[in-house]
Structure formats: C-alpha cells, structure tokens
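[1] return atomic coordinates for the entry below.
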Amino acid sequence: MSELEKAAEPFSEAAAPTGESVAGHGEDHGVPHLWQLGTVPFVLLLLAIAVLPLLRPTMHWWENNTNRLAVSMILAFLTLAYYAVFDSWIGALLAVEHAIPGEYVPFIMLLFSLYVISGGISITGDLKATPTVNAGFIAVGTLIASFIGTTGASMLLIRPLLETNRERKHVVHTVVFFIFLVSNIGGTLLPIGDPPLFLGYLRGVPFDWTLMLWKEWAFLGVLLLAIYWIWDTIVVKRETKVDIALDQAIRRPLRVSGTINMLLLLGVVFAVALLDPSKPLPGTDWHAFPFMRELVMLGLAGASLGLTPSGIRQANRFNYHAIAEVAALFVGIFITMQVPLAVLKANGASLGLETAGQFYWLTGILSSFLDNAPTYLVFFQTAESLTLEAGEGVLELGTGEFIREDLLVGISLGAVFMGANTYIGNGPNFMVKSIAEQSGVKMPSFFGYMMYSGLVLIPCFVLVHFLFL
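    All right, here's what the predicted structure looks like:
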C-alpha cells in the first residue's frame with residue numbers, strides 16, 4: 001500500500017460509511033458511489049476514438065493530436081472531479097497515482113522506445129511480387145512482431161512490401177492480411193508484442209507467461225498464411241501481362257540499413273524482462289529502483305537517435321505523429337478507466353462470466369470496436385475478481401492477486417487476435433491503411449474491411465475456440 005493509499009483510508013471511511021469507496025481499486029473496496037456517473041467519461045472517450053474519425057464533420061478535426069489531447073484531458077478532469085466530489089481530493093490523487101506513474105508511464109515509454117528504435121531500421125528493395133514472396137514478407141512480420149511490437153513490425157515491413165507490389169494492380173488483399181497477421185496476431189508471444197499484453201505484465205502477469213500461447217499463435221498464423229497464399233495465387237492471374245513483365249523487369253535486392261538498432265531492440269526486451277522493481281534480478285537479491293526500466297528504455301531510444309544516420313529515418317518518412325496520438329489518447333484512457341476498474345473489482349463475479357470461451361468472445365468483440373488495450377484491462381479485472389485464492393490452474397500475479405489461467409488465455413487471445421477485426425481495433429491498423437493509401441492502394445472502407453475480417457477471421461477464431469479453449 002502506498003503512502004497515498006494509507007492517507008486515503010480515513011477520508012474514504014468518512015465519505016462512504018457503508019463501505020462504498022472510490023479510492024484504491026487495487027484493494028477490496030465496495031462499489032463506488034454513483035458509479036454509473038463515474039464511468040461516463042471512460043465511455044465517452046472510447047466512443048470518441050471509435051466514432052469521431054468516421055464522421056465527416058469531425059474526421060479532419062480529430063486528426064490533430066492537440067484536439068485529441070484536449071478531449072482526453074477534459075474527460076480525465078471530469079473523472080478526477082468525480083473522485084473529488086464523491087470520495088475526497090486524496091481519492092483523486094490516488095487515481096492519478098494508479099493511472100500515471102503506475103501504468104501510463106511504463107506503457108508509453110515501452111511504445112515510444114520501440115517506435116523510435118524500429119524507425120531507425122530501413123528495409124528497401126523490390127522483389128518479384130509472387131504469392132510466396134508476399135507470404136514470406138507477412139510471415140517474417142508475424143515472427144518479429146512479438147519482439148519489436150506490432151507497431152514496429154508494421155512500420156518496418158509495410159513499405160518494402162508495397163514497393164515489391166508496386167507493379168501489381170490487385171494489392172488490397174495483401175495489405176489486409178498484413179494487418180491481420182503483422183499488426184495484430186503476430187504480437188501474441190511477449191508482453192512487448194501488443195499493448196494489452198504489456199498492461200497484463202504491469203498487472204503482475206509473468207514476462208514469459210505469454211509464450212504458452214505459441215500453439216494458438218502458430219495455428220492461426222499458419223492457417224491465415226495458407227489462406228493468403230491460395231488467395232494471392234488466384235488473384236495474381238488477373239494481373240495483365242504488361243504488369244507482370246514490369247514486375248519481373250524492375251527488381252532491386254533487399255537492403256537493410258540501421259542494423260545497430262536491432263541490438264537496441266534486444267536491449268528493450270532485456271530491460272522489460274529483467275528490470276521489474278517488484279522482483280529481484282535473476283540470480284541476485286538486487287531490485288531495480290522505480291522507473292529504472294523506463295529510464296533504460298528511454299536511453300536506448302536516445303542512443304538510436306544518436307547512432308542512426310538521419311537519412312535512414314528520412315527514407316522511412318519517420319515522424320512522431322503516430323506515437324503522439326497514442327500518448328494523447330492513453331493519458332485520458334488510463335485516468336478515466338479507474339472507476340470502471342473499481343466497479344469490476346467489486347462486482348465482477350455477478351456478471352455471469354465463467355468460461356474461457358465467454359471471456360474470449362466478449363473481450364474480442366469489444367476489442368474490435370474499442371481499443372484492445374483498455375478492453376483487455378477491463379476483462380482482466382473481471383477475471384481477477386473471480387479468483388480469490390491459489391489452486392490448480394490458478395496463476396499467482398506479481399501483485400499477490402490470483403487469476404485463473406484459462407480465463408487469462410481467453411482474454412489475451414481475444415484482445416490480440418480480434419483487434420484485427422476492424423481498423424480501430426489496434427493502433428497499427430489505421431497506420432498501415434494510411435501508408436497503403438499514400439502509396440496508391442485503394443483500401444476498403446471501414447465496413448468494407450469488416451467484410452474481409454468477417455469472411456476470413458471469424459471462422460478461424462471459431463476454430464481457435466473449439467481447438468484450444
């Protein structure tokens with residue numbers, strides 16, 4: 001218990017004599033007073049993220065990160081005002097303590113370091129755009145996404161894939177499968193692979209626990225790659241003879257620049273795995289001091305900026321817009337989600353969710369239309385409330401809490417896999433779409449993309465359910 005949590009106890013008791021308290025959702029408190037009102041800012045922020053980019057009057061306004069930050073901070077302020085009115089000002093400070101230094105800072109430092117370092121690696125070239133070559137690009141991205149993040153892998157490989165297919169006319173399905181596998185499913189194996197899994201790691205899930213998901217990851221990856229290869233084998237026959245001749249004539253071997261950044265990425269992996277303040281360094285009694293992990297990752301990002309020739313980032317068209325968008329939105333998400341998390345901590349057992357399959361589909365469906373990171377955390381908290389003690393099939397978290405492993409598997413797979421169902425399910429999806437459109441690919445609309453995911457992904461997700469859950 002932090003000093004703020006200790007200080008908050010008398011205030012919470014005075015504000016809620018019946019046991020209702022908002023502060024400290026990590027403890028066993030009751031349902032927050034007027035909790036429906038307290039959850040409104042969180043719901044409004046998620047709706048803003050999902051809807052404003054799609055509405056013609058607001059789509060361009062929403063593209064400005066200053067406007068995103070303004071919406072995010074206004075709703076965060078309303079959440080803190082709710083705490084101050086219905087709990088105490090210390091309750092509001094506790095919410096900030098849980099949200100910002102406890103979760104937001106580690107989260108954004110990981111994404112920032114991966115984004116900056118992967119942006120210093122450039123892959124250029126133009127290969128013959130055969131189904132096997134295209135499937136190879138997607139397979140490599142799927143393999144590395146768990147180690148450099150779905151955003152890093154997507155930004156690293158989408159441009160050389162588009163360059164390879166520049167002479168072909170039928171490319172949309174290739175970009176769509178790239179989003180399915182590289183921007184989402186590939187990030188299943190490590191906490192640094194996809195933001196939801198890193199939030200689980202911050203909540204005490206062991207770093208290597210996600211490796212146990214390799215069977216589901218491999219099954220779905222191989223299945224989708226096979227579907228893609230068959231699809232592209234059929235589609236490539238529709239290309240004109242002129243386009244095929246151009247593709248065969250215009251070739252440049254692949255060239256990788258900025259390889260020093262691969263070592264720096266490895267440094268990020270080791271920092272996340274080893275510098276956990278709640279655990280001793282393996283083989284020693286020494287604990288990393290608070291935020292040492294984040295400082296090391298920030299230092300590695302700085303080293304990347306200093307060691308990488310500027311021409312490489314220029315070739316990648318590197319800028320900070322995408323990571324600034326994530327930073328602007330998630331500072332509000334982490335604050336506004338505090339009340340819903342407190343409600344789920346108190347009432348999760350009454351929702352009627354009991355099986356891994358239920359958690360898989362509910363987490364997945366909501367991850368499709370909301371951002372998958374906060375969705376993961378909401379259902380993680382719900383599953384945690386169902387598991388009160390150790391036992392067979394129960395995972396002890398680093399926080400001292402417990403969670404059923406089968407439920408955690410369902411939540412993890414649902415959040416990571418089904419973030420691929422829509423453009424808004426996971427951050428890299430829209431980024432890949434934008435880069436493809438800048439390269440002349442006419443990408444499907446929001447609902448057009450869902451036609452692809454509905455026809456291809458949903459049957460595959462059903463198979464995952466029956467085979468593994």
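
[2] and whichever strand or helix holds V235, how far out from the chain middle?
    Secondary structure assigned from DSSP states H and E places V235 in helix 214-235. Counting by CA atoms, centre = their mean, to the nearest Å, helix 214-235 is centred 22 Å from the centre of its parent chain.

[3] what's it packed up against?
    helix 131-164, helix 172-181, helix 405-418, helix 446-468 (3 or more CB pairs under 8 Å, 6 or more residues apart in numbering; DSSP states H and E). For every residue, glycine as well, the C-beta is placed using N, CA and C.

[4] any low-confidence regions in this structure?
    Scanning the chain for pLDDT under 70 picks out 1-32, 243, 245, 247, 249, 348.

[5] that one: strands as residue ranges?
    122-126, 252-257, 394-396, 402-404 (DSSP state E).

[6] out of these, which gets nearest to M297?
    strand 122-126 (21.6 Å; CB to CB).

[7] mind giving me the packing neighbours of that closest one?
    Where contact means 3+ CB pairs under 8 Å, 6+ apart, strand 122-126 is packed against helix 131-164, strand 252-257, helix 310-315.

[8] tell me which residues of stretch 338-350 come out buried.
    Neighbour-count burial for stretch 338-350 flags Q338, V339, P340, L341, A342, V343, L344, K345, A346, G348 (criterion: 16 or more other CB atoms under 10 Å).

[9] out of those, which is nearest to L54?
    Distances from L54 to the buried residues of stretch 338-350, taken by CB to CB, are shortest for P340, at 23.7 Å.

[10] touching, the closest one and T39? I think so.
    Yes. The criterion here is CB atoms under 8 Å, and P340 meets it with T39 at 5.0 Å.

[11] among the buried residues of stretch 338-350, which two are most distant?
    Q338 and G348 (15.3 Å).

[12] A327: which of the helices and strands packed on helix 214-235 is closest?
    helix 131-164 (12.8 Å).

[13] tell me which residues in that closest one are buried?
    131, 134-135, 137-142, 144-164.

[14] cool, stretch 394-405 as well?
    Here stretch 394-405 shows V394, L395, L397, G398, E401, F402, I403, R404, E405 as buried, counting by 16+ other CB under 10 Å.

[15] now do the residue positioned nearest the centre of the chain against I185, distance only.
    The residue lying closest to the centre of the chain (CA atoms, centre = their mean) is P195, at 2.9 Å. Distance of P195 to I185, given as CB to CB, to the nearest Å: 14 Å.

[16] same question, F380
    Noted for F380: a distance of 19 Å to I185, by CB to CB.

[17] hey, what's F402 bridged with?
    E396 (DSSP bridges).

[18] picking that back up, out of the buried residues of stretch 394-405, which is nearest to V235?
    E405 (41.1 Å).

[19] so that closest one touches L397, yeah?
    No. Contact between E405 and L397 fails when scored by CB under 8 Å: they sit 11.0 Å apart.

[20] L264: which of the helices and strands packed on helix 214-235 is closest?
    Using CB to CB, the nearest of the helices and strands packed on helix 214-235 to L264 is helix 131-164, at 10.3 Å.

[21] how far away from the center of its chain is that closest one?
    For helix 131-164 - counting by CA atoms, centre = their mean - the centre lies 17 Å from the chain centre.
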